[in-house]
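*Asks:* what shape does this take:
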Amino acid sequence: METTMETTRIAKQMVTLYRTVFNNTYNTMVMCQEQLEKSADVAMQQMTWLPEEGMKTAREWAESYRKGREEFKTIIDANFGKVEEFFAKTE
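*Replies:* Coordinates of the predicted model:
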């Protein structure tokens, strides 16, 4: 019984660690992508030869990427929640 409780405790700690690592990595990725998006926007505004349609396409692409990123985060958070809920039931 003691071994099972210890194993469960370690598994819960691992899940907490994995969630923290994921969140930190995700937040870093978001900051990098947002900075790149801002830089690209400034660069495109300076490209007088770039048609407005090209700028619009780039902005739509960035928005699509942002939505996909947020959906991915939502799915990961939901699954971490399921694992944490599973371990909560074993206590």
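*Asks:* and the longest helix belonging to the chain, what does it pack against?
*Replies:* The helix that spans the most residues within the chain, counting by DSSP state H, is helix 2-46. The contact analysis (3 or more CB pairs under 8 Å, 6 or more residues apart in numbering; DSSP states H and E) places helix 2-46 against helix 52-89. No exception for glycine: its C-beta is placed from N, CA and C like everyone else's.
*Asks:* could you list the buried residues of the helix it packs on?
*Replies:* Neighbour counts using 16 or more other CB atoms under 10 Å place A62, K73, F80 of helix 52-89 among the buried residues.
*Asks:* sketch out the low-pLDDT regions of this structure for me.
*Replies:* 1, 91 (pLDDT under 70).
*Asks:* run the last query once more with 90
*Replies:* 1-9, 41, 44-45, 47-52, 54-55, 58, 87-91 (pLDDT under 90).
*Asks:* columns distance to L36 on top of the buried residues of helix 52-89, output as a markdown table?
*Replies:* Formatted as a markdown table, the buried residues of helix 52-89 follow (distance: CB to CB, whole Å):
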| residue | distance to L36 |
| --- | --- |
| A62 | 9 |
| K73 | 18 |
| F80 | 27 |
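*Asks:* out of these, who's nearest R9?
*Replies:* F80 (17.3 Å; CB to CB).
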